[in-house]
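In: Here is my input, please return the structure:
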Amino acid sequence: MTYLDTHVVVFLHNGAMSKLSQRAKSQIESDDILISPMVLLELEMLKEKGVLLADSQRIVGDLASSIGLSVCQLPMAHVIQEAIPLKWTRDPGDRLIVANALAANEAPLISKDATIREFYKNTIW
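Out: Numbering: from 1, shown residues only. Next comes the predicted model:
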């Protein structure tokens with residue numbers, strides 16, 4: 001399974017596959033795709049700020065239909081335990097998204113975020 005960062009979900013929903021690397025595209029096409037529940041919250045906050053037109057449920061529903069995207073069901077307490085040692089960021093969203101991938105046996109995470117790529121060894125971009 002592979003996790004997606006929030007901006008990757010936005011790119012996919014907007015049909016902006018050209019913004020993804022070939023490696024990221026191949027991973028999405030060949031693996032089960034999940035998101036952290038934190039991505040849902042970030043999408044909803046972007047909708048509230050007027051950055052996105054669709055809400056989180058619409059975006060996730062559309063991507064569930066088109067690429068089989070699902071929301072990770074790992075217990076949040078387990079994810080938080082993985083997030084606590086991640087001192088390299090003060091961004092709670094990044095911390096929880098990376099922790100979710102860590103909690104899933106260090107699953108790959110597709111992200112263009114340079115800081116995440118520096119500190120999470122299993123980041124794809």
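
In: quick one: the strands in the chain?
Out: Under the criterion DSSP state E, strands of the chain are mapped to 2-4, 33-35, 70-71, 109-110, 123-124.

In: Let me know which of those is tucked in deepest.
Out: strand 109-110 (a mean of 26; mean count of other C-beta atoms under 10 Å). Every residue, glycine included, has its C-beta placed from N, CA and C.

In: Who are the packing partners of it?
Out: Helices and strands touching strand 109-110, by 3 or more C-beta pairs under 8 Å, 6 or more residues apart in numbering; DSSP states H and E, are strand 2-4, helix 22-30, helix 92-103, strand 123-124.

In: out of the ones you listed, nearest to Thr115?
Out: Closest approach to Thr115 among the helices and strands packed on strand 109-110 (C-beta to C-beta): helix 92-103, 7.2 Å.

In: on that earlier part again, point out the most buried one among the helices and strands packed on strand 109-110.
Out: Counting by mean count of other C-beta under 10 Å, strand 2-4 has the highest mean neighbour count of the helices and strands packed on strand 109-110, with a mean of 24.

In: hang on, the earlier thing: relative to Gly61, which of the strands of the chain is closest?
Out: strand 70-71 (10.8 Å).

In: what's near enough to touch the nearest residue to Thr115 once chain neighbours are set aside?
Out: Ranked by C-beta to C-beta, 6 or more residues apart in numbering and with sequence neighbours excluded, the top spatial neighbour of Thr115 is Thr89, at 6.2 Å. Applying C-beta atoms under 8 Å, 6 or more residues apart in numbering to Thr89 gives the contacts Arg95, Val98, Thr115, Ile116, Phe119.
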